[in-house]
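>>> starting from these lines, generate the structure:
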Amino acid sequence: MESIICQRPLRRYNPHMRKWSCYISVMLVGVCAFTVKAEPPAASSSAPVAEVRSDSLFERATAGVDSLITAGFQYLGIRYRFGGTSAEKGFDCSGLVHRVFKDALGFDLPRTAREMAGRGEQIQRDDLKPGDLVFFKTMRHAFSHVGIYIGDNRFLHSPSAGGQVRIDDMNDTYWRKRFEGARRMVDDSRRPATSVGG
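You can find the predicted model right below:
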């Protein structure tokens, strides 16, 4: 179920965006809750305040998480196509994820869902934050499907043949039984990628 997708500027009106407009607004407000503000230095301190930089792509790009989610939402309703290379023709699960991260954050994720599962920091389900990747076993091999967590137990993904990019609830029986884990992407310049399942 994995492929890549060529860049596609989103220029045409997508009627599927309208019904999600209110939901997007709520999600963006929720994303702001994850932004950590640094406390100002004490007036009596003359030492320079060092900038704290996380090696987590998600944390480093917290200010851009709203862009990540919005970039994903703009593809709602685009049909699935195995091996598709453009939004006009359709794309599959990893193609969608790859394109959204590339467009919104400039981060070049691996080619397939299984490769993506071998990157980043392993996250427990209870610790999920918007922008994390969620993986499922929808075929015979592990990590055969990937989506982008958007909060409230929901994730954005391109499902399968005959489907369209949509938002699903991870608590639904089908997805709950097939959930295999989650990853928070890591900036490779700061930390080596972890292995699949590690």
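>>> okay, and the residue nearest to A142 when sequence neighbours are not counted sits in which element?
Leaving aside its chain neighbours, A142 sits nearest to E180 (6.2 Å; criterion: CB to CB, 6 or more residues apart in numbering). Placement of C-beta: from N, CA and C, glycine included. Secondary-structure assignment from DSSP states H and E places E180 in strand 179-184.
>>> what strands flank that strand, and is each parallel or antiparallel?
According to DSSP bridges, strand 179-184 forms sheet pairs with strand 121-123 (antiparallel), strand 133-136 (antiparallel).
>>> could you tell me the least trusted of the ones you listed?
Of all these, the minimum mean pLDDT falls on strand 121-123 (a mean of 93).
>>> quick one: buried residues of that strand?
With burial defined by 16 or more other CB atoms under 10 Å, the residues of strand 121-123 counted as buried are 121, 123.
>>> now stretch 115-134
Buried, per 16+ other CB under 10 Å, within stretch 115-134: 115-121, 123, 128-134.
>>> show me the shaky parts of the chain.
Where the chain drops to pLDDT under 70, the residues are 1-64, 85, 186-198.
>>> at 50 what do you get?
For the chain, the stretches flagged by pLDDT under 50 are 1-13, 18, 22, 25-26, 28-41, 43-45, 47-54, 187-198.
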